[in-house]
Each structure stands twice: as C-alpha cells, then as structure tokens.
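In: Next one to model:
(3 chains)
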Amino acid sequence: MKQLSIRTDRQEEFVDVTALVAETVREWSSSAVLVYVPHTTAGVFINEHADPDVARDIASTLRHMVPEGLPYRHGEGNSPAHVKAVLVGNSQMIPLENGRLGLGTWQGIFFAEFDGPRRRTLIVAPLAELPRDAP
Amino acid sequence: MKQLSIRTDRQEEFVDVTALVAETVREWSSSAVLVYVPHTTAGVFINEHADPDVARDIASTLRHMVPEGLPYRHGEGNSPAHVKAVLVGNSQMIPLENGRLGLGTWQGIFFAEFDGPRRRTLIVAPLAELPRDAP
Amino acid sequence: MKQLSIRTDRQEEFVDVTALVAETVREWSSSAVLVYVPHTTAGVFINEHADPDVARDIASTLRHMVPEGLPYRHGEGNSPAHVKAVLVGNSQMIPLENGRLGLGTWQGIFFAEFDGPRRRTLIVAPLAELPRDAP
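Out: Numbers count the residues shown, from 1 in each chain, chains lettered A, B, ... in the order given. Down below sits the predicted model:
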C-alpha cells in the first residue's frame, strides 16, 4: 500500500494522476489496484484525458447539478464539494496485469479536488488474484 | 464474508455504520474490504460524519437532483430511490491494514436508505493483498 | 481475467449482463469480482432488472440531470455521455462465494451504453480472499 501526495492549486481542479499511479504499480503482480481518496471534499474518477475539455465539461455539469445556491445547512459553506465527492466517488478499482493498468485507450485517472487548494493524499493498494493452487 | 443486519426507521435515512464495519474487520489481515449493499433502493457512501448537517445536505441535494415529480414509469412509485442508489453506488472499497480501516480523519461509512423503513443487509468481505512469495 | 464482448444497438441502452457475468465466474473460487468498463462514454451499474421500467426511469432521470443543451466545450458533442459514465461509474465490485455472485434478489448488472451503437468490452477479474494460513 502506497500513500501518494497530491497538491492542488485551485478550488476545483481535476488532476490527471494516471502516470503517477501507473509508475506506482509498475512492479506489482496483483490482479487489481484500489485507488482511494481519504478525504470528504475530493474524489477520484476515470474518464477521457486526451481532450481536456471533457474534464472541464464534467466539472461544469457537476456545478449545474449541485448549485452553490441551495439552502445548505453545513456551516463551512463547502456542502457542494461534499456532494460532488459522493457523486464521483472516493475510490476506483482498476484491473492490473503484469504491472500494467488495464485502462482503456482513452481512460485516465483524475484526482478530483472540490475544495482546494490543499495538500491531499491518494492511497494505492494492490489486490490479489486467487492463487491457482488454492484450496 | 459477513452479513450484517441494518434496521432503518424512516423513508430516507443515512445510517452511520462506521463503528459496525470497523468492529467486523478488526481481526482481518486482508488488504482491503468490500462493503456491499444487496438492495436496489439503498446504497452506501463514504463522507464526513463529524457534522450531521453534511449528510443532511447530501440527502437534500439528491432530492433536488432527482425530484419526485418527474414522469416515472415504474409502478411502485419509488423510482427516485432506485436512481439515488445508482448515483451513490451500492458498494465501497476501503483499504485495511492490520485490521484497521484506512478511512481518512473525517470519513465515515453511511448506509443510505432511500425507500424505508426496512430491515436491510450489509455484506462485508475481505480482499487479499498479494502474498509476497507468489509466482 | 476475462474480456467479454458487448454489442449495443442504440445511442443509449442499458444491457442486462447479469447472466453473462454469472456464467463467466461460475468456476471461480475468488472472494469478489471486479466488473470493469474500459470506455469513457459507457459505464456499469447494479440495480433492479425485474421491471424494465426501472432502467428506463434511471435513463430518463440521468437525461434530466445532464441535459443535452448545456454549453459543453468538448467538440465531439458527446459530453453528456462522458458525464453520465462518471455518475454511474465504470466499475462494480460484487461478492463471490463458491462461484455464485452475491447479488441481492432484485439486483442485476447493467452495461450502460451512453454513446452507441458500438462494439464494447467488459472486463471481469477475480479477486482473492485472504488465504487462511497467511502470515
């Protein structure tokens, strides 16, 4: 299990962590990888990272769905960030074969900051395939 | 694999199951834990459990996003509950190290009831890390 | 790890892949199964597959939440499909015991096409339970 450090620079920011995660798991022979965000106003999702406009459209649609102006009760003023973290999720599972992430051609892994800028943590954990000779 | 029993008392209710799950996995040496909801109008999510207003804001925003008044076709009248279950998801993965859940400081695990009150089931399953001497 | 082939016939279509996945894992003794979609305009979710109106209501509510008419920037015109893929997620974990999926009574697995028709891939990967005699 590895803890990676992520630094975000804006209030809302999707950081492409694909290369960082790929490098972390390169020598692991596990069957899948758990990418886990231990925060409540940030998440992680997998989607296109070729055209940066896709991530921008995801961010703007989330703002449309979770408007700032609803009558939120949480006193810190960052309720939309909590809701968005729940919607995208705070973990992703990715198949791994011979140290290579099983991402599709267009897929990248994005750390989704919804209440930055902050110093954040990303956990990457290996998960085993069943041993062939197991009982 | 453990089956836990959850009882919900209201139509919509987020039950904090963090302590229940933590106690269940306390003697497991697995690498991660799968928390799985085998229902179609309930889910499970991870977010702040210090201030209960955060969970309330999540619930009210989901009601804003998935209004009761849309022209639903499903005859049972609980389509919003099905949609919300899909949005928050019906499972979560959490890292585990020496029997300790890898939750962040502010994170709690919520069983999300969207069509209660009911008696519900929560499945908790251990997942292995790769043995160090594996082929 | 198995790669299954899925063919979708419409622009938006939820394909019930429950039987296909169940057959794939029937002889696996793993503890859980990862169902993974390596695409960026398709996803996978678990919900009721008894009444097909539930899936229709999920589809129509997602269209309500992610309208076609927002000012998207991505030039290919399929931004709503990308957003919906993020919202439902591109993977699911399901408990497995003696080759039997731990789905609840009403649960089915849906491959969610949001930008078809296309030929698609679905990856199914076994994950191990901790060996009993592990250190």
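In: Give me the neighbour count for the residue lying closest to A:A55 once chain neighbours are set aside.
Out: Distances taken as Cβ to Cβ, 6 or more residues apart in numbering or on different chains put A:F14 closest to A:A55, at 4.6 Å, once the chain neighbours are dropped. Backbone N, C-alpha and C define where each C-beta goes, glycine included. Neighbours of A:F14 under the rule other Cβ atoms under 10 Å in any protein chain shown: 25.
In: so what does the lengthiest helix in chain A touch, helix or strand wise?
Out: For chain A, the helix reaching the highest residue count under DSSP state H is reported as helix A:52-65. On a contact count with 3 or more Cβ pairs under 8 Å, 6 or more residues apart in numbering or on different chains; DSSP states H and E, helix A:52-65 meets strand A:13-16, strand A:42-48, helix A:79-88, helix C:79-88.
In: chain center to it, what's the gap?
Out: With Cα atoms, centre = their mean, to the nearest Å as the basis, helix A:52-65 stands 15 Å off its chain's centre.
In: For that helix, output the C-alpha coordinates as CSV.
Out: Provided in CSV are the C-alpha atoms of helix A:52-65 (Å, rounded to 0.1, in the frame of the first residue of the first chain):
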residue,chain,number,x,y,z
PRO,A,52,-9.0,18.5,-21.5
ASP,A,53,-12.4,19.9,-22.5
VAL,A,54,-14.0,16.6,-21.3
ALA,A,55,-12.9,17.1,-17.7
ARG,A,56,-14.0,20.8,-18.0
ASP,A,57,-17.4,19.7,-19.1
ILE,A,58,-17.6,17.2,-16.3
ALA,A,59,-16.8,19.9,-13.8
SER,A,60,-19.3,22.4,-15.2
THR,A,61,-22.1,19.8,-15.4
LEU,A,62,-21.5,18.9,-11.7
ARG,A,63,-21.8,22.6,-10.9
HIS,A,64,-25.1,22.6,-12.8
MET,A,65,-26.3,19.6,-10.9
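In: for chain B, what are the nearby residues on chain A?
Out: Residues of chain A lying close to chain B by Cβ under 8 Å from any Cβ of the partner chain are A:1, A:28-31, A:34, A:36-40, A:65-66, A:70-76, A:79-80, A:82-83, A:85-87, A:89-91, A:93, A:121, A:123, A:125-129, A:131.
In: tally of neighbours for the residue in chain A that chain B sits nearest to?
Out: Ranked by Cβ to the nearest Cβ, the top residue of chain A for proximity to chain B is A:P38, at 3.0 Å. By other Cβ under 10 Å, 21 other residues sit near A:P38.
In: With the one 3 residues further on instead?
Out: Using other Cβ under 10 Å as the criterion, A:T41 is surrounded by 26 other residues.
In: pretty sure it is in contact with A:H82, am I right?
Out: Yes - counting by Cβ atoms under 8 Å, A:T41 does reach A:H82; the two are 5.8 Å apart.
In: residues bridging contact with those two, i.e. touching both?
Out: A:F114 (Cβ atoms under 8 Å, 6 or more residues apart in numbering or on different chains).
In: what's the single longest strand in chain A?
Out: Counting by DSSP state E, the longest strand found in chain A is strand A:119-127.
In: What strands flank that strand, and is each parallel or antiparallel?
Out: Strand A:119-127 has the following sheet partners, assigned by DSSP bridges: strand A:2-7 (antiparallel), strand A:32-36 (antiparallel).
In: That strand to strand A:42-48, inter-axis angle?
Out: 60 degrees (axes from the mean of the first three to the mean of the last three Cα atoms, to 10 degrees).
In: Find the nearest non-adjacent residue to A:F114, please.
Out: Closest residue to A:F114 apart from its sequence neighbours, by Cβ to Cβ, 6+ apart: A:A81 at 3.6 Å.
In: how near is that neighbour to C:G75?
Out: For A:A81, the distance to C:G75 equals 29 Å [Cβ to Cβ, to the nearest Å].
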